[in-house]
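> Okay, sequence plus prediction incoming.
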Amino acid sequence: MIKNLYKREFYLQKIRPFYKTDLIKVITGIRRCGKSCLMLSIQQELRDLGVQEKDILYLNLDKRGYQRIKTSKQLESAIESVVTDQTFKYLFIDEVQNVKDFEEVINAFREEGNFSIFITGSNSYLLSGELLTKLTGRYIEINLFTLSFCEYLEMKQFLGRKVAAPAVEFTNYLKYGGFPQILEFEEGSAKAAYLANVIEQIIKKDVKVRNKIRNQLVFEKVRTYLINNFGTTTNLDNILHYFSKVEHIALKKTTLRRYIGFLENARILYKCPRFDLKSRKSLRTEEKYYLADTGIYFAMNTDGRINYGPVLENLFYVYLRNRGYQVSIGRIGELECDFIARREDDYFYVQIAMTIADRKTEDREYRPFEKVKDNYPKYLFTLDPLQQKRDGVKHLNLLDFISSGSEL
């Protein structure tokens with residue numbers, strides 16, 4: 001029996017319908033976001049449903065005893081060694097990308113029809129062209145994020161930790177983020193040290209080990225630049241100009257694109273494209289990069305002050321992605337709408353601000369909404385305790401909204 005395991009119900013609801021299907025359940029996400037614990041939660045649910053222990057097979061390829069499994073033959077042998085009979089099995093493999101050509105083995109066991117397979121990995125290699133080809137589309141992806149603020153509060157209560165006033169907890173969450181293990185530490189210095197170690201492990205294992213980076217110093221500078229400028233509108237040419245004029249580094253566009261791709265593949269960064277409402281087209285030359293977790297920024301910087309504009313934007317971008325929305329930045333003529341969120345055929349316009357207590361700020365935040373000609377819902381999120389009623393826009397308190405796990 002697994003004790004003290006916080007169950008992330010939001011993700012369990014997504015994956016439960018597929019427990020016994022032949023679809024391979026692919027759980028992806030940034031390292032240390034809780035993929036292994038989600039697997040353990042699923043295993044516990046299966047036990048609670050009456051599945052016998054011999055029918056739940058678990059290989060964690062990052063653990064001692066399995067780390068030497070590097071080839072498809074070794075993986076096949078390891079799986080066969082834990083299969084004791086011909087009854088239906090639930091097969092869980094953690095960090096499967098450690099094995100070369102793992103896809104062939106996974107697909108072979110899937111085709112036998114006697115296995116429900118769950119795999120995890122820390123980077124997008126799991127959904128690369130090779131996987132798509134060899135698994136012939138017979139999989140479903142569950143993209144796991146770090147703890148949402150709602151989950152953060154729930155997990156803290158579950159662990160018996162003292163929960164402070166909402167504003168205090170929110171500030172800590174913005175600064176130290178939602179990596180689950182962060183809740184094991186009380187002191188800010190310990191949280192910061194843990195975060196710094198996590199980021200370095202991600203860079204080492206999911207970037208440097210997997211990619212040939214000839215100039216480590218330049219890559220580090222690109223990484224630092226992108227992390228420090230999250231939420232800022234940019235493009236490759238702007239970044240190249242900065243490195244040429246400020247850092248005095250000659251950087252090729254193809255190299256820069258590769259470096260950014262490495263960070264995206266490791267799920268450190270997410271690219272948010274810009275969408276032009278007039279032409280109804282994506283603008284490839286203008287985008288923003290958001291961090292998988294705001295704690296990443298503060299782990300890499302000594303300045304602990306919170307710049308609420310980009311931090312709140314980043315927080316809500318990840319929140320929307322977590323809830324299954326496709327997200328882009330909206331351009332309306334010369335104006336910008338922070339986010340256009342889409343899910344199926346529904347669209348939502350979203351503005352984010354710390355406060356609109358000042359009338360000029362209020363007018364600025366409402367101005368993009370005035371240019372929108374359709375009737376899709378419009379939202380303004382702030383930290384103001386009192387909400388403004390204006391022009392049919394739904395003005396909501398951001399803290400209340402994310403604390404309750406609400407939907408647009």
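Great, that's in hand. Numbers count the residues shown, from 1 in each chain.

> any idea how far Phe401 lies from Gly309?
18 Å (Cβ to Cβ, to the nearest Å). For glycine as for every other residue, the C-beta is placed from the backbone atoms N, C-alpha and C.

> more neighbours, those two?
Taking other Cβ atoms under 10 Å, Phe401 and Gly309 do not tie; Phe401 has more neighbours (18 against 13).

> Quick check: closest non-adjacent residue to that one.
Nearest non-adjacent residue to Phe401, counting by Cβ to Cβ, 6 or more residues apart in numbering: Phe381, 6.5 Å away.

> Which strands or helices does the helix or strand containing the one you found pack on?
Assessed by DSSP states H and E, Phe381 sits inside strand 378-382. Where contact means 3 or more Cβ pairs under 8 Å, 6 or more residues apart in numbering; DSSP states H and E, strand 378-382 is packed against strand 346-352, helix 359-371, strand 394-397, helix 398-403.

> which secondary structure elements does the first one contact?
By that I understand strand 346-352. Under the contact definition 3+ Cβ pairs under 8 Å, 6+ apart, strand 346-352 sits against helix 308-322, strand 335-343, helix 359-371, strand 378-382.

> coming back round to it: between the helices and strands packed on strand 378-382, which gets nearest to Ile27?
Among those, helix 398-403 comes nearest to Ile27, with 23.0 Å by Cβ to Cβ.

> can you give me the offset of the closest one from its chain's centre?
Distance, stretch centre to chain centre, for helix 398-403: 19 Å (Cα atoms, centre = their mean, to the nearest Å).

> what do you get for stretch 149-159?
Relative to its chain's centre, stretch 149-159 lies at 18 Å (Cα atoms, centre = their mean).

> Kindly report the same for stretch 89-104.
Mean C-alpha position of stretch 89-104 versus that of the full chain (Cα atoms, centre = their mean) differs by 21 Å.

> what's the first-to-last distance across it?
End-to-end distance of stretch 89-104 (Cα to Cα, to the nearest Å): 18 Å.

> Tell me if Tyr270 really is in a strand.
Yes - counting by DSSP: H, G, I helix; E, B strand; the rest coil, Tyr270 is part of a strand.

> ok, back up a step: between the helices and strands packed on strand 378-382, which one is closest to Gly333.
Closest among the helices and strands packed on strand 378-382, using Cβ to Cβ: helix 359-371, at 6.3 Å.

> can you list contacts of stretch 245-255?
For stretch 245-255, contacts defined as Cβ atoms under 8 Å, 6 or more residues apart in numbering pick out 218, 221-222, 236-237, 240, 243-244.

> hang on, the earlier thing: pull up the pairing partners for the strand holding Phe381, direction included.
If you go by DSSP bridges, strand 378-382 pairs up with strand 346-352 (parallel), strand 394-397 (parallel).

> Mean neighbour count, those strands: which tops it?
Ranked by mean neighbour count, those are led by strand 346-352 with a mean of 20 (mean count of other Cβ atoms under 10 Å).

> what's the angle from that strand to helix 359-371?
Inter-element angle recorded for strand 346-352 and helix 359-371: 160 degrees (by axes from the mean of the first three to the mean of the last three Cα atoms, to 10 degrees).

> Give me the mean pLDDT for strand 346-352.
Here strand 346-352 scores 96 as its mean pLDDT.

> So Thr161, which state does it fall into?
Careful, residue 161 is Arg; it's not Thr. coil.

> show me the residues around it that make contact.
Counting by Cβ under 8 Å, 6+ apart, Arg161 has contacts Leu183.

> Recalculate using a threshold of 10 Å.
For Arg161, the contact set (Cβ atoms under 10 Å, 6 or more residues apart in numbering) comprises 153, 155, 183-184, 186.

> And for Glu287?
So Glu287 contacts 233-236, 271-274, 328-329 (Cβ under 10 Å, 6+ apart).

> so it, which of the three states?
Relying on three-state DSSP, one would call Glu287 strand.

> likewise Val207?
On the three-state scheme (three-state DSSP), Val207 is labelled helix.

> While we're on it, how confident is the model there?
89.
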